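Chemist: no FASTA, just this:
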């Protein structure tokens with residue numbers, strides 16, 4: 001039985017008062033909502049094999065169909081989660097301009113998103129205004145408090161404990177469930193795929209604030225805050241928020257808003273697990289857009305942990321999986337299909353580190369110039385075509 005999250009005290013000497021984050025109202029607009037399944041992670045510990053098998057079967061169908069799930073009963077209470085949102089709110093209200101400049105990120109130079117992202121694009125140099133700010137914590141930030149905003153120093157014990165629990169309890173149990181779906185040993189994905197150095201491995205933790213769109217951002221971005229994409233890691237652990245800006249691309253090739261589910265984790269599968277699973281797990285395209293009309297004037301606070309595989313891992317299927325041996329691989333979409341084409345030509349597939357580095361190097365916002373993007377239309381729908389390391393990727397815009 002997994003232990004529940006037991007955070008450090010918020011009342012230790014030296015910790016300033018943190019106002020509570022109050023979740024904003026949800027949307028009442030009639031928009032197209034995604035119908036995601038909920039996986040109750042505590043059922044993985046059931047002594048009844050039938051309960052566990054039902055969980056595995058539900059997960060298998062959800063991951064194959066949607067690539068996104070709601071995760072509930074994972075060990076973090078609603079009030080504990082609100083505390084993390086309150087800390088993130090405090091960050092954005094109390095981080096000095098000096099700290100923002102000192103910690104200014106450099107994706108071009110470092111190959112990571114580590115540090116403070118300003119409101120102006122996704123490169124080191126100032127780009128067009130996008131109204132998105134966030135702080136990104138990789139392992140070096142957890143190892144050196146001087147790489148962390150001063151406003152977060154009193155709360156870094158809570159941030160560290162939170163990320164440790166998400167990685168070493170929640171994500172480990174989730175990977176156990178996904179290993180069961182592949183009919184492999186329970187710890188296969190944890191032992192053979194997941195990175196495990198420090199609180200976030202080779203992934204990162206993000207505290208983000210999407211300021212409400214203004215006329216300047218709307219004129220350039222056209223209502224899109226982040227273009228359609230797939231995450232390149234193992235799992236992305238995004239906490240559900242009331243401001244509905246996240247959309248997923250359905251099998252009917254339409255965009256659907258992800259609804260708010262208080263206290264839930266929104267889990268999406270990254271390209272690493274799509275490849276390891278031979279296409280049985282679906283890395284679903286998703287994007288961030290302006291929210292429905294009744295939320296357009298609201299800011300969107302977001303916290304997310306991007307889990308990552310070991311960098312030296314080759315992006316290849318786990319052919320020892322009985323599921324893959326029995327049913328074969330699926331190449332109906334995305335990265336796995338393109339990687340198979342590489343293999344057929346005798347070209348080595350990239351490592352996980354190579355694959356994520358090339359995508360970080362090309363990351364940009366809809367307000368940024370995108371010289372490597374080619375716009376194409378498929379059945380009337382706008383798509384972006386990119387090529388990374390001889391891999392052709394087509395994503396809905």
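Modeler: Yes, it's here. All values derive from a computational prediction rather than experimental measurement. Numbering: from 1, shown residues only.

Chemist: who touches stretch 89-108?
Modeler: 18-19, 21, 113-118, 122-124, 133, 135-136, 147-152, 155, 207, 209, 301, 360-361, 363 (C-beta atoms under 8 Å, 6 or more residues apart in numbering). The C-beta positions use only the backbone N, C-alpha and C, and glycine is treated the same way.

Chemist: among these, name the buried ones.
Modeler: Buried by 16 or more other C-beta atoms under 10 Å: 18, 21, 113-118, 122-123, 133, 135-136, 148-149, 151-152, 155, 207, 209, 301, out of these.

Chemist: where strands are concerned, which of those count?
Modeler: By the criterion of DSSP state E, membership of these in strands covers 115-117, 133, 135-136, 207, 209, 301.

Chemist: need the contact list for the residue nearest the centre of the chain.
Modeler: For the chain, the residue nearest the mean C-alpha position is residue 236 (3.2 Å; C-alpha atoms, centre = their mean). Taking C-beta under 8 Å, 6+ apart, we find residue 236 in contact with 267-268, 270, 304-307.

Chemist: of all these, which comes closest to residue 338?
Modeler: residue 270 (15.3 Å; C-beta to C-beta).

Chemist: per-residue pLDDT, the closest one?
Modeler: With respect to pLDDT, residue 270 has a value of 91.

Chemist: wait, isn't it in contact with residue 234?
Modeler: Yes. Counting by C-beta atoms under 8 Å, residue 270 touches residue 234, with 5.4 Å between them.

Chemist: for these two, indicate the residue with more neighbours.
Modeler: Set residue 270 next to residue 234 and count neighbours by other C-beta atoms under 10 Å: residue 234 wins out with 31 against 27.

Chemist: outside of whichever helix or strand residue 356 is part of, which residues touch it?
Modeler: For residue 356, the enclosing helix or strand under DSSP states H and E is helix 352-361. By C-beta under 8 Å, 6+ apart, the residues outside helix 352-361 that reach it are 107-108, 111-113, 202, 232-233, 271-272, 308-315, 350, 388-389.

Chemist: the residue lying closest to residue 116 once chain neighbours are set aside and residue 2, how far apart?
Modeler: In space, and not counting its chain neighbours, residue 116 is closest to residue 103: 4.3 Å by C-beta to C-beta, 6 or more residues apart in numbering. Distance, residue 103 to residue 2, using C-beta to C-beta, to the nearest Å: 34 Å.

Chemist: neighbour-wise, which of these two wins?
Modeler: residue 103 (20 against 15).

Chemist: stretch 284-297 - what's its average pLDDT?
Modeler: 91.

Chemist: re earlier: which residues are in contact with both of residue 270 and residue 234?
Modeler: Contacts common to residue 270 and residue 234, judged by C-beta under 8 Å, 6+ apart, are residue 307.
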